[in-house]
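[1] A structural model of the following input is requested.
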Amino acid sequence: MTHRVTAIDSHTAGEPTRLVIDGWPDLGRGPLAERRARLDREHGRFRAAVVMEPRGSDVLVGGVLVEPEQSDSAAAVIFFNNVGTLGMCGHGTIGLVATLAHLGRIKPGHHRIETPVGTVTAILHDSGEVTVENVPSRRTRHAAPVDVPGLGVLHGDLAWGGNWFFLTEDHGQDLTRPDLERLTDVAWRVRQAVNAQGMPEVDHVELFGPPVTPGARSRSFVLCPGKAWDRSPCGTGTSAKLACLAADGKLAEGDEWVQESVIGSTFRARYRWDDRDTGAIVPAITGAAYVTAETTLLLDPSDPFCWGIAQGPSA
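    Predicted structure coming up:
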C-alpha cells in the first residue's frame, strides 16, 4: 500500500529544507534527544525516502515536526540529511518558522522551538525575516594544527554552534571565484584529517575568506556531514564563528556580523554573553526563507527505490 507523506519545501538563503507535516511514523514522547535516537535507530528508511534521490538530493535538509515536550513551545523538530540526523539546523529553523507562518500556525512574535540539543527562540518579524536565538555556542580549541594530505599543516578552531565545526582561514583557496568541486575536495580532506587527528566529533568544515557582497564581513564555504556544500552561510556555522570572534575579542557583544555564503547570500548575526568564564555565547542569526512547494510524497513499497538511492560520502 502506498504511504503518503505531507511536506512543505522552502529555501533559506538558497539552502533547501523539507519539513514533514504528516505521515511520519510515531516517535513517541519524551526528550527530543531520545526521539532523535529512535529516528536514527528505527526509521532511517523514512529519512532516506524524504531527502535522498529520487525525491530529494544530497543538499536537501529534512525536518519532522513532533509533539513538543513543553506546552508553551510553538513546535518541536528533528532535522536530518542524507547521512543521518542533526543536532540543530539554523537555516532549517528559519525555514521551519517561515513554513509555520505559511500554514497560519504562528504570527509575528517570539516562539520557542524545541530541538534535540536544546530549545531555541525564534522571532518572526513583520517583514517575514526570522531571527533565531540559538543554543549557547563556544570554542573549545584555538589554532589547532592539522596535517592534511596534499595541503600540509594548517590551523583552525574547533567550535560548537549546535553542531561541531572545524573553522579555518588557513587553507589557501580562493572563495571569491569558487571552484566548488575543488573546495569540496579540500574541505573533505580537512575533515578526514581533523577526525583522525584528535577531533572525531567534527562533522562540518568551514573555510573562510574575504567577502564579495558589500557590507559582509567574511565569506564562507561550509561542507556538511554528507559531503554536500551549504548554499546558505550556515546558521550553526555562523554561531560557531561568532563564538570564535568573541573568544578572540574581535567582535563586541551586540555588534553586527554579516556572514556571506559561497553563493553570495547573507545572514546578519549578533551575540550576547552567556558565560564569559567558559566563553559561552548566545548567538542570534537573522535571515529570510521562502516557501517553494507544498507536496505529498508517495512511498510505494513495490518501487525498488522507494526508500532512497544511497549515495553517501566517500573517503
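[2] Which parts of the stretch 201-315 of the chain are strands?
    204-209, 218-223, 257-260, 266-275, 280-287, 289-299 (DSSP state E, counting those that start in this stretch).
[3] Nearest residue to the most centrally placed residue in the chain in space, please, no chain neighbours.
    By Cα atoms, centre = their mean, the mean C-alpha position of the chain lies nearest to C89, the distance being 3.4 Å. In space, and not counting its chain neighbours, C89 is closest to F79: 4.1 Å by Cβ to Cβ, 6 or more residues apart in numbering. No exception for glycine: its C-beta is placed from N, CA and C like everyone else's.
[4] what's the pLDDT at that neighbour?
    pLDDT, F79: 98.
[5] Run through the bridge partners of it.
    G63, L86 (DSSP bridges).
[6] just to revisit the earlier point, want to try CSV for the strands of the stretch 201-315 of the chain, with distance to G63 and mean neighbour count as columns?
    Below are the strands of the stretch 201-315 of the chain laid out as CSV (distance: least, Cβ to Cβ, whole Å; neighbours: other Cβ atoms under 10 Å):
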stretch, distance to G63, mean neighbour count
strand 204-209, 17, 25
strand 218-223, 18, 24
strand 257-260, 22, 23
strand 266-275, 18, 19
strand 280-287, 16, 24
strand 289-299, 12, 15
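[7] if I look at A122, how far off is N81?
    21 Å (Cβ to Cβ, to the nearest Å).
[8] Where do the helices of the protein begin and end?
    32-42, 44-51, 90-102, 180-196, 235-248 (DSSP state H).
[9] of these, which approaches V66 most closely?
    Nearest of those to V66, taken as Cβ to Cβ: helix 32-42 at 6.0 Å.
[10] contacts for that closest one?
    Identification of contacts with helix 32-42 by Cβ atoms under 8 Å, 6 or more residues apart in numbering yields 25, 27-29, 47, 64, 66, 69, 76, 78, 80, 84-85, 114-117.
[11] Then stretch 107-126?
    32-33, 35-36, 68-70, 72-79, 85, 87-88, 93-94, 96-97, 100-101, 106, 130-136, 162.
[12] Using PDB, list the CA coordinates for it.
    Output of stretch 107-126 as PDB, limited to C-alpha atoms (Å, rounded to 0.1, in the frame of the first residue of the first chain):
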ATOM      1  CA  LYS A 107       2.000  35.000  13.800                       C
ATOM      2  CA  PRO A 108       4.900  37.600  14.100                       C
ATOM      3  CA  GLY A 109       6.400  37.500  17.500                       C
ATOM      4  CA  HIS A 110       8.600  35.300  19.700                       C
ATOM      5  CA  HIS A 111       8.300  31.500  19.500                       C
ATOM      6  CA  ARG A 112      10.000  28.600  21.300                       C
ATOM      7  CA  ILE A 113      11.300  25.800  19.100                       C
ATOM      8  CA  GLU A 114      12.500  22.600  20.700                       C
ATOM      9  CA  THR A 115      15.400  20.700  19.100                       C
ATOM     10  CA  PRO A 116      17.400  17.700  20.300                       C
ATOM     11  CA  VAL A 117      20.200  19.900  21.600                       C
ATOM     12  CA  GLY A 118      18.000  22.400  23.400                       C
ATOM     13  CA  THR A 119      15.200  24.900  23.000                       C
ATOM     14  CA  VAL A 120      15.800  28.000  20.800                       C
ATOM     15  CA  THR A 121      13.900  31.200  20.500                       C
ATOM     16  CA  ALA A 122      12.700  32.300  17.000                       C
ATOM     17  CA  ILE A 123      11.400  35.700  16.300                       C
ATOM     18  CA  LEU A 124       9.100  36.100  13.200                       C
ATOM     19  CA  HIS A 125       9.400  39.700  12.200                       C
ATOM     20  CA  ASP A 126       6.600  41.700  10.400                       C
END
